[in-house]
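**Student:** Just a sequence and a predicted model for now, questions to come.
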Amino acid sequence: MKRRISVLPLAIIAILLFVLNWYVLSGIRTISSNSFTTPLFWGFIAITTGALIYSIIRMRDNGMDLLFKVTTHVFLILFVTEIVFSAFLLLGDIYRLITQGERNVHWVEFALLVVLLVIIIFIYGIVKGKYAYRVIKHTLYFDDLPSSFDGFTITQISDVHAGSFKNSLAVQKGINLIKAQNSDLFVFTGDLVNNKAEEIKPWIEHFKQVKAPFGQFSVLGNHDYGDYVPWKNEAEKAANLQQLKEYHGELGYRLLLDEDVILHKNGQKIVLAGVENWGIGFGERGDLNKALAGTEADDFKILLSHDPSHWEAEVVKHPSKVHLTLAGHTHGMQFGIEAFGIKWSPVKYRYAHWAGITSKNGRFLNINRGFGFLGFSGRIGIWPEITVIELKRSSGIS
């Protein structure tokens, strides 16, 4: 039985887009009275929209090919710039209504300059921003951290999404930055690929360069299971997942599948556990109880769990205290602002805490902003992240 498509939501969206474009055109015509302005504008809108619809229809057979990526990015930039232009236009029109004057041509010209700036920012995000790796360092204090691990450092990356990479030199710069941290432990918190295991193959030699004295460990993310592409049958999908697990081994990463390992130092220990992906709305596969089955209540525990919603739903309430959880998944939506004391991204409307450190009941969570990118082939304001966490003792407790 064919799935019915609801016409009403599509009609509402079409009407809203028409009104938005009509309002934008009214602003453009304020500074351009050329008779060709209107047909050229609507012709461009029609071609852009038609190309987007065509690329979406053929995506079923061709996947997210070059045409799809180009049309979706053009449409996204066009939509955002129209929203920005309309916002400035509306402010000017409100002032015009209050003062009962004419639409200010200079204000419209200023709005167009802002639009140009937005376009430049998008171009930067697509060309450079997605590879603008930065290191973010945190120092966390614990009363019950074993003394031998005082000053222990962990480098974390997440969400590689290898299928999106095109620039090997840029990726290598990111790898070099990871290596330069010289941390005691390296962890990767899921989404090695977009959909298929083969995506990581060209990048194995890059990521296998990362080594740490206490080892390299990893977990799976929601994209690693191949849930978002069609397969001939379940056997093919299962084989893809098995191949991906083997690639983790080729990278030199110990993949933790609802299990834990003990890290020893000078006769003392901490526990590193990892779960399969557990995320609200993204598959609740992981088994935290199984991952912690071999641990004791007073062990110092670090957990790798791809989706931060797992921390809020299970980890922070678990009777066996997990001191630090390392997650990723959100990407900070690859768009936002973190400057001048402002920390904002649209992803905050899905995840209250979406990047960096938070804590509750003496239990910490770090959300890495992601090493790679997905969907939008760029980053604006939310740059790719390499996290370095230093563990410190806050008292003289043994």
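**Tutor:** Arrived safely, thanks for sending.

**Student:** domain parsing for this structure?
**Tutor:** Structural domains assigned to the chain are 7-127, 131-393, following automatic domain parsing.

**Student:** In a markdown table, list those along with mean neighbour count and mean pLDDT.
**Tutor:** Where you see a C-beta, it was placed from the backbone N, CA and C, and this is true even at glycine. Supplementary listing: the domains of the chain in a markdown table, determined by neighbours: other CB atoms under 10 Å; pLDDT from 0 to 100:
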| stretch | mean neighbour count | mean pLDDT |
| --- | --- | --- |
| domain 7-127 | 14 | 91 |
| domain 131-393 | 19 | 96 |
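
**Student:** Can you tell me, leaving aside adjacent residues, what's nearest to residue 227?
**Tutor:** Take residue 227 and drop its neighbours on the chain: the residue closest to it by CB to CB, 6 or more residues apart in numbering is residue 283, 6.9 Å away.

**Student:** Can you tell me the SS state at residue 322?
**Tutor:** coil (DSSP: H, G, I helix; E, B strand; the rest coil).

**Student:** can you tell me which residues contact it?
**Tutor:** Residues counted as contacts of residue 322 (CB atoms under 8 Å, 6 or more residues apart in numbering) are 273, 292, 301, 302, 303, 315, 363.

**Student:** one more time with 10 Å, if that's ok
**Tutor:** 271, 273, 288, 291-292, 295, 299-303, 305, 311, 314-316, 363-365 (CB atoms under 10 Å, 6 or more residues apart in numbering).

**Student:** And residue 39, by the same measure?
**Tutor:** Applying CB under 10 Å, 6+ apart, no residues qualify as near residue 39.

**Student:** and it, which of the three is it?
**Tutor:** helix.

**Student:** any idea how far it lies from residue 46?
**Tutor:** 10 Å (CB to CB, to the nearest Å).

**Student:** what does residue 376 give?
**Tutor:** From residue 376 over to residue 46 the distance is 24 Å, taken as CB to CB.

**Student:** Tell me which stretches of the protein form strands.
**Tutor:** 134-142, 152-157, 185-189, 216-219, 254-255, 259-265, 268-274, 301-304, 324-327, 337-339, 342-344, 356-360, 363-367, 385-393 (DSSP state E).

**Student:** want to throw the ones you listed into JSON lines with distance to residue 204?
**Tutor:** Formatted as JSON lines, these follow (distance: least, CB to CB, whole Å):
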{"stretch": "strand 134-142", "distance to residue 204": "23"}
{"stretch": "strand 152-157", "distance to residue 204": "15"}
{"stretch": "strand 185-189", "distance to residue 204": "13"}
{"stretch": "strand 216-219", "distance to residue 204": "13"}
{"stretch": "strand 254-255", "distance to residue 204": "14"}
{"stretch": "strand 259-265", "distance to residue 204": "23"}
{"stretch": "strand 268-274", "distance to residue 204": "20"}
{"stretch": "strand 301-304", "distance to residue 204": "20"}
{"stretch": "strand 324-327", "distance to residue 204": "23"}
{"stretch": "strand 337-339", "distance to residue 204": "32"}
{"stretch": "strand 342-344", "distance to residue 204": "35"}
{"stretch": "strand 356-360", "distance to residue 204": "30"}
{"stretch": "strand 363-367", "distance to residue 204": "26"}
{"stretch": "strand 385-393", "distance to residue 204": "19"}
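
**Student:** Please name the residues that touch residue 130.
**Tutor:** 124, 164-167, 170, 334, 372-373, 376-380, 383-384.
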